[in-house]
Every structure is written in C-alpha cells, then in structure tokens.
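Asker: dropping a prediction and its sequence here:
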Amino acid sequence: MKICETQRLLIRPFSIDDVPALSEILNDDEVMKYSIRGVCDEAATREFIKWCLQCYGSYGLGPWALIDKNSNLLIGFCGVSPQSVAGNEEPNLGYRLAGDFWNKGLACEAA
C-alpha cells in the first residue's frame, strides 16, 4: 500500500519484512548520532517497526518507510508520531536516512 509518491520516493507503511534493511540503517553510528535512543540492533528495530504499526492503527499516522524509486531500496523513514514530552503527548516529526542518501534534499521531499 502506497501512502504517497514524490519524484524520487515511494512512501509506504513499514512491514516486519523491513527489519533487516532498516536495522542496517539504524545500526549506523553516524545516522543515529542525534537519536535519543542511540543505535538500534535488529531486535530494537523490530520493536520500532511494531510500534510504527501500532501508530498506524491507533492514530492513522506514524513513521513511514522511504523507498528510493531508482533502486527500490528502503533508505529510511519519515513521519509524524506521538511522543511523550513532560507527561504530555505531542506530535513529533522524525526521520532517518541511510548515509548514502544524505545531502540530496530527500528528508525535505519526504516531509
């Protein structure tokens, strides 16, 4: 199921099948440098994707998988999801991209 399509990206919901590809991205120190969670191994990535699936069901939104249309590879995620801030649930725009796809305007394109 496609959520959105841009000139260079296909944006779709995550599936459990995405765990290996996303884990490779989220296990990169440079990609996760500013993440409050730090790098994620495969188990943590699986839990993240399960949480994304729960967000879709509960809120109709969440972090969406970003697919590069040229290569058909999963290159990261972007989306709005709930985050607890000082005891209040606030919307949070989050994204992560594989390092090879930085500095190409893809995060802005996805957002």
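Answerer: Received, thanks. Residues are numbered from 1 along each chain as shown.
Asker: you'd agree residue 30 is up against residue 97?
Answerer: No: using Cβ atoms under 8 Å as the test, residue 30 is too far from residue 97 to be in contact (10.9 Å). The C-beta positions use only the backbone N, C-alpha and C, and glycine is treated the same way.
Asker: who has more neighbours out of the two?
Answerer: Of the pair residue 30 and residue 97, residue 97 is the one with more neighbours under other Cβ atoms under 10 Å, namely 20 against 9.
Asker: now do the contacts for that one.
Answerer: 25, 31, 66, 75-76, 106-107 (Cβ atoms under 8 Å, 6 or more residues apart in numbering).
Asker: could you pick out the longest strand of the chain?
Answerer: In the chain, assigned by DSSP state E, the strand with the most residues is strand 74-85.
Asker: now the helix or strand following it: buried residues?
Answerer: Scanning forward in sequence from strand 74-85 by DSSP states H and E, the next helix or strand is strand 88-97. By neighbour count on 16 or more other Cβ atoms under 10 Å, the buried set for strand 88-97 is 95-97.
Asker: okay, these in JSON lines with pLDDT next?
Answerer: Listed next are these as JSON lines, based on pLDDT from 0 to 100:
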{"residue": "95", "pLDDT": "94"}
{"residue": "96", "pLDDT": "96"}
{"residue": "97", "pLDDT": "97"}
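Asker: just those residues now: which is nearest residue 41?
Answerer: residue 96 (14.9 Å; Cβ to Cβ).
Asker: beta partners for the closest one?
Answerer: residue 77 (DSSP bridges).
Asker: from residue 43, how far out is the residue lying closest to residue 107 once chain neighbours are set aside?
Answerer: Nearest residue to residue 107 in three dimensions, chain neighbours excluded: residue 95, at 5.1 Å (Cβ to Cβ, 6 or more residues apart in numbering). The spacing between residue 95 and residue 43, counted by Cβ to Cβ, to the nearest Å, is 22 Å.
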